[in-house]
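> Sequence and computational prediction follow.
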Amino acid sequence: DCTAGFHTGVAIGAATCSSCDGGTYSEGLAVNCSSCAAGTYSGSSSSSCTDCDAGKSSGAQAASCESCAGGSYSPAGSFNCSTCAGGTYSNTGAASCVACGSGTYSAIGSSACTKCDGGTWSNASADSCVSCVPGTYSGSGAELCIDCDAGKVVSGNGKGTTCVESTDKDRCCITQAEAK
């Protein structure tokens with residue numbers, strides 16, 4: 001009789017036992033090996049299948065589990081990796097996605113967060129950056145915009161990273177503080 005991890009291939013009681021291939025198993029006294037389910041794996045001569053670790057996945061009859069790519073994740077025993085939502089990211093082999101911090105953003109399926117450009121800002125878990133309102137400015141990676149002082153305007157046609165003295169004396173320089 002064949003022991004666990006082996007099979008006869010013909011009938012119970014046959015004289016020759018063969019090893020189960022990777023991705024299959026037998027609990028003993030088996031004619032044929034059984035396939036491992038998706039989300040599990042086994043090496044050759046296995047008596048059972050093992051769940052894939054978190055951050056890995058497998059299809060049915062797998063001899064090993066594959067790491068999830070950056071921008072995706074999986075809990076233990078998963079048959080596929082799920083895509084990270086916008087505002088989150090993951091490295092290769094992640095069990096879960098991580099929220100982007102304030103001043104950064106990410107699109108769906110990202111493996112990193114990107115700093116907001118100057119003249120924009122974001123809260124944590126953002127999938128895009130928001131432009132500063134007129135009369136305010138920000139540097140790159142900002143979590144908020146800063147009011148320009150009275151008599152100053154935002155540099156760079158309102159998309160700048162600093163406030164400068166107004167050079168147009170005939171034009172009224174409204175700041176965010178004065179507009180309130």
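Structure's in. What do you need?

> Which parts of the chain are helices?
For the chain, the helices defined by DSSP state H occupy 176-179.

> Look up how far residue 77 lies from residue 152.
To residue 77, residue 152 is 59 Å away according to CB to CB, to the nearest Å. C-beta here means a position set from N, CA and C on the backbone, and glycine is covered the same way.

> For this protein, which residues score under the pLDDT cut-off?
Within the chain, the segments meeting pLDDT under 70 span 11-14, 156-159, 168-180.

> try 80 this time
Flagging of the chain using pLDDT under 80 yields the residue ranges 1, 9-15, 151, 153-161, 166-180.

> I'd say residue 128 and residue 122 touch.
Yes. Counting by CB atoms under 8 Å, residue 128 sits close enough to residue 122 to count as a contact (7.3 Å).

> neighbour-wise, which of these two wins?
More neighbours surround residue 122 than the other of residue 128 and residue 122, with 25 against 12 (other CB atoms under 10 Å).

> dump the residue contacts of the residue lying closest to the more buried one once chain neighbours are set aside.
Once flanking residues are discounted, residue 122 sits nearest to residue 129: 4.8 Å by CB to CB, 6 or more residues apart in numbering. Neighbouring residues of residue 129 by CB atoms under 8 Å, 6 or more residues apart in numbering: 105, 116, 117, 120, 121, 122.

> Residue 154 against residue 147, yeah?
No. If you go by CB under 8 Å, residue 154 and residue 147 don't touch, sitting 10.1 Å apart.

> so how far does stretch 59-75 reach from one end to the other?
Stretch 59-75 has an end-to-end distance of 15 Å (criterion: CA to CA, to the nearest Å).

> So which bits of that stretch are buried?
Residues 61, 62, 65, 67, 68, 69, 70, 71, 72, 73, 74 are the ones in stretch 59-75 that count as buried (16 or more other CB atoms under 10 Å).

> now those in JSON lines, with distance to residue 101?
Rendered in JSON lines, the data for the buried residues of stretch 59-75 read as follows (distance: CB to CB, whole Å):
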{"residue": "61", "distance to residue 101": "42"}
{"residue": "62", "distance to residue 101": "36"}
{"residue": "65", "distance to residue 101": "31"}
{"residue": "67", "distance to residue 101": "25"}
{"residue": "68", "distance to residue 101": "22"}
{"residue": "69", "distance to residue 101": "22"}
{"residue": "70", "distance to residue 101": "18"}
{"residue": "71", "distance to residue 101": "17"}
{"residue": "72", "distance to residue 101": "20"}
{"residue": "73", "distance to residue 101": "18"}
{"residue": "74", "distance to residue 101": "24"}
